[in-house]
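J.: Give me coordinates for this.
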Amino acid sequence: MNNTTWILISNASRARLFATSGKLKPWTLVQELDHPKSRLKGQDITADKPGRVRQSAGAGSRPAMAPVTPAKEVEAEHFTQELAGVLENGHGRNEFSRLILVAPPQFLGKLRKLLSAPLSKRLVATVDKDLTLLPERELPERLGDVL
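T.: Predicted coordinates for the structure are as follows:
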């Protein structure tokens, strides 16, 4: 059985995926992913504002086409789906036996919901912190407890 651990360090706009074969073994960068739309301001994502129509006249009327989910959140969901796809592909190719996810709490929750049951069984630890800007050389020491 493959004894490789994949460590995904991500937030809503960037991610780095590492592989290691043990706590004291070196980390290898498997893939770096970037989703710049998640970093834009909401109004910059939706250049064309949706049309608005009054449903009825009188008190309590509201726009008929008001967006339900903010554009920035929609972009974060797209990136979450992309990351889950990368993990599912690696799982399907048996590239790792253990998975560790490191992400801010809200993003981590969204990502975990997208993992299939077989992939979730390989999830051995989660860390609810944004470590995406931490230099690569500091990550193994910072995450040594969960390896």
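J.: Going by neighbour count, list what's buried in the helix with the most length in the chain.
T.: Using DSSP state H, we find that the single longest helix of the chain is helix 71-92. The neighbour-count check on helix 71-92 (16 or more other Cβ atoms under 10 Å) flags 71-72, 74-77, 79-80, 83-84, 86-87, 90-91 as buried. To be clear about C-beta, it is placed using only N, CA and C from the backbone, and glycine gets the same treatment.
J.: Contacts only, for Lys83.
T.: In this structure residue 83 is Leu, not Lys. Leu83 makes contact with Leu8, Ser10, Ala15, Leu33, Leu111 under the criterion Cβ atoms under 8 Å, 6 or more residues apart in numbering.
J.: all strands for this structure, in order.
T.: Counting by DSSP state E, the chain has strands at residues 5-10, 14-20, 28-34, 98-102, 123-127.
J.: Burial-wise, tell me which of the ones you listed comes out on top.
T.: Between the strands of the chain, strand 5-10 has the highest mean count of neighbours, a mean of 24, where neighbours are mean count of other Cβ atoms under 10 Å.
J.: I'd like to check the angle between it and helix 71-92, please.
T.: Per axes from the mean of the first three to the mean of the last three Cα atoms, to 10 degrees, the angle that strand 5-10 makes with helix 71-92 is 170 degrees.
J.: Work out which residue lies at the spatial centre of this structure.
T.: By Cα atoms, centre = their mean, the chain has its centre lying nearest to Thr80, at 4.1 Å.
J.: can you tell me how far the closest residue to Leu101 other than its chain neighbours sits from Asn94?
T.: Nearest non-adjacent residue to Leu101, counting by Cβ to Cβ, 6 or more residues apart in numbering: Thr126, 4.8 Å away. Separation of Thr126 from Asn94 (Cβ to Cβ, to the nearest Å): 22 Å.
J.: what's the answer for Asp130, then?
T.: Using Cβ to Cβ, Asp130 is found at 30 Å from Asn94.
J.: Also Pro70?
T.: 38 Å.
J.: for Asn2, same thing?
T.: Counting by Cβ to Cβ - Asn2 and Asn94 are separated by 6 Å.
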